[in-house]
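[1] predicted model follows, preceded by the sequence.
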Amino acid sequence: MEPNTASRPPRGALAVVAVGLLATVAAALLATDENGGSSVQVEWARLAPLPDSAPARIPGGGSMRLVDAGVRATEDNVEGERVFRAAAVLRIEAGSAVGQARVRCRMSGGGAELGRSFDSRSAYPRSTGEDSLTKQDVPENVAVRFHSSGAEYASLELGDAFETFTDLRGVLASWEPHRTVSQGWQWSLPEGRPQEPLRLGLASFWKTTRSPSASVDCTLENALGSAGVRTAGSLG
């Protein structure tokens, strides 16, 4: 017997250890969610802010504008596609005449395709039904159908866009009918004038092979009339 042969681990054991390590790494990179699809964490590679809209006067008093808007995009996958997120906040000044008003907002991805999160749209907030929007938490990450690193879904950050969809109790939200190239929401606001600035956060995820761009427009309607704001931009 050659010297030290007895102290060497068997080659079969080394192979088992190597396979185990590879499996551990793969499990860390690819996770299977409760819906059965594999997902991988994907970081945003590029970002660009969108300009705040000009303020619009609300009939009966007060004003509103779009703020904190921006676009964030991933790198291209092997198919030449990328995912980008458009997000914005509609800020309505304290004391504005918005009691029982309706707000409609629409986002467009510049011809991009609205993303899918399992069997639903990649759009937030979700419809609330009869529940106040304050009960709906902003997810830290969103799974969007996008092939990356062998996974079916990309887990992309949303929690950095805003902390809540709204802080005003009694706000209800609903989706407008589905369209592939745009996403619409409608909010019903409670009675009275808000004592603090009212913020409505909204975001959507898009898949494209082109340079990401987005537009956001919102209209508020109350008993005295309507007001509208808009912003748009791209990553260039």
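    Yep, it's here. Small disclaimer: the values here were computed from a predicted structure and weren't measured.

[2] so where is this structure shaky, pLDDT-wise?
    The chain contains residues with pLDDT under 70 at 1-37.

[3] what do you get if the cut-off is 90, keeping everything else the same?
    For the chain, the stretches with pLDDT under 90 are 1-38, 118-119, 149, 236.

[4] so which residues of it form helices?
    Secondary structure of the chain, counting by DSSP state H: helices at 11-29.

[5] with adjacent residues omitted, what lies nearest to Gln41?
    Leaving aside its chain neighbours, Gln41 sits nearest to Ser155 (4.8 Å; criterion: Cβ to Cβ, 6 or more residues apart in numbering). No exception for glycine: its C-beta is placed from N, CA and C like everyone else's.

[6] thought Leu224 was touching Gly60?
    Yes: contact status for Leu224 versus Gly60: in contact at 4.6 Å, counting by Cβ atoms under 8 Å.

[7] neighbour-wise, which of these two wins?
    Neighbours were counted for Leu224 and for Gly60 using other Cβ atoms under 10 Å; Gly60 has more, 16 against 12.

[8] the more buried one touches Gln100, doesn't it?
    No: if you go by Cβ under 8 Å, Gly60 and Gln100 don't touch, sitting 11.6 Å apart.

[9] which residues are in contact with both of the two?
    Asn222, Ala223 (Cβ atoms under 8 Å, 6 or more residues apart in numbering).

[10] the residue nearest to Gln41 bridge partners, please.
    When assigned by DSSP bridges, Ser155 has beta-bridge partners Gln41, Ala143.

[11] got the contact list for it?
    The contact partners of Ser155, by Cβ under 8 Å, 6+ apart, come to Ser39, Val40, Gln41, Val42, Asn141, Val142, Ala143.

[12] could you pick out the buried ones from the residues you listed?
    Among the contacts of Ser155, those classed as buried by 16 or more other Cβ atoms under 10 Å are Ser39, Val40, Gln41, Val42, Val142, Ala143.

[13] which one of the residues you listed sits closest to Glu191?
    Closest approach between the buried ones among the contacts of Ser155 and Glu191, by Cβ to Cβ: Val142, at 32.9 Å.

[14] quick check: that closest one touching Leu158?
    Yes: with contact defined as Cβ under 8 Å, Val142 and Leu158 form a contacting pair (5.0 Å).

[15] what touches both of those two?
    Listed as contacting both Val142 and Leu158 by Cβ under 8 Å, 6+ apart are Tyr124.

[16] out of the buried ones among the contacts of Ser155, who's nearest Asp119?
    Using Cβ to Cβ, Ala143 comes nearest to Asp119 of those, at 11.6 Å.

[17] please name the nearest non-neighbouring residue to Val42.
    Counting by Cβ to Cβ, 6+ apart, Ala154 is the residue found nearest to Val42 once chain neighbours are left out, at 4.1 Å.

[18] same check, this time on Glu196
    Excluding its sequence neighbours, the residue lying closest to Glu196 (Cβ to Cβ, 6+ apart) is Ala94, at 5.3 Å.

[19] tell me who's in contact with the one you found.
    For Ala94, the contacting residues are Gly62, Arg193, Pro194, Gln195, Glu196, Pro197, Leu198, by Cβ under 8 Å, 6+ apart.

[20] any idea how far the second one lies from Gly228?
    Distance check for Arg193 against Gly228: by Cβ to Cβ, to the nearest Å, it reads 20 Å.

[21] repeat that for the last one.
    Taking Cβ to Cβ as the criterion, Leu198 is separated from Gly228 by 16 Å.
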